[in-house]
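>>> this is a predicted model, with the sequence first.
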Amino acid sequence: MQYKRILLKLSGEALMGDRQYGIDPKRLAVYAKEIKEVVEKGIEVAIVIGGGNIFRGVAGAANGMDRVQGDHMGMLATVINGLALQSALEDEGVHTRLQTALEIKEVAEPYIKRKANRHLEKGRVVIFGAGTGNPYFTTDTAAVLRAIEINADAILKGTRVDGVYNEDPEKNKNAIKFETITFKDVITKGLKVMDMTAFTLSEENKLPIIIFDMNKAGNLIKLISGEKVGTIVDI
């Protein structure tokens, strides 16, 4: 296997499927099956999910809401998504733990690094909810931070696009895809991979990011097995 321990980053929008908002149980079930396949290969899997399918703090602030309040609402949205994914994984027989940066002890464990590492060592999937627990930080930043803390080998960012392109492939069919690209080139070319805080943190800690299409069946296990899937961003 290409990696021993990974941090899988999923956007909240990915859980919507073909819906306009909320969670699509069918899409959730597909993700759970794909993650189970990876776990069965002996890979230790941690997950961070966004909350954009339910609420975005930035959008709330743009409409006059207090940004800090909005961001806390967004953090709670990620916990809802985490609970949904946990349920789907457990339906597949995958032992899962949800840890949150905001303490909600009735539904999840508080985030404790040593406990998270122990769960991973025992083959449990660990879902990290509520971002970093701080406003003004995205779930991309939370994903990089948690990946560094648990010593993940790489961040796998599952999106609806199959890699990094020189232009938006949904707007320009002639956009060119990069198989590999350096952190410096991403910044120089002004490409959007993650928000700058997350991206810089990943670069400073020499943590590679793989951008791939999570919605294409089999991509996750292919990537883990060392096949060329998506785009690798590295030093």
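Everything's here; your move.

>>> can we go C-alpha only for contacts and neighbour counts from here?
Noted.

>>> count the neighbours of the nearest residue to Arg67 once chain neighbours are set aside for me.
Once flanking residues are discounted, Arg67 sits nearest to Ala61: 4.9 Å by Cα to Cα, 6 or more residues apart in numbering. Per other Cα atoms under 10 Å, the neighbour tally for Ala61 reads 15.

>>> how distant is the helix or strand where Ala61 lies from the center of its chain?
In this assignment (DSSP states H and E), Ala61 forms part of helix 57-62. How far helix 57-62 lies from its chain's middle: 21 Å, per Cα atoms, centre = their mean, to the nearest Å.

>>> what's Thr180 sitting at in phi/psi?
Thr180 has phi and psi values of phi -140, psi 150 when expressed as degrees, to the nearest 10.

>>> now for it: which residues touch it?
Thr231, Ile232, Val233, Asp234 (Cα atoms under 8 Å, 6 or more residues apart in numbering).

>>> apply 7 Å and report the result again.
Residues in contact with Thr180 (Cα atoms under 7 Å, 6 or more residues apart in numbering) are Thr231, Ile232, Val233.

>>> just give me the neighbour total for the last one.
Using other Cα under 10 Å, Val233 has 26 other residues around it.

>>> not counting its neighbours along the chain, what's nearest His71?
Check again: residue 71 is Asp, not His. Gly57 (4.2 Å).

>>> quick one: the one you found and Gly64 touch, right?
No: contact criterion Cα atoms under 7 Å: Gly57 and Gly64 do not qualify, at 10.8 Å.
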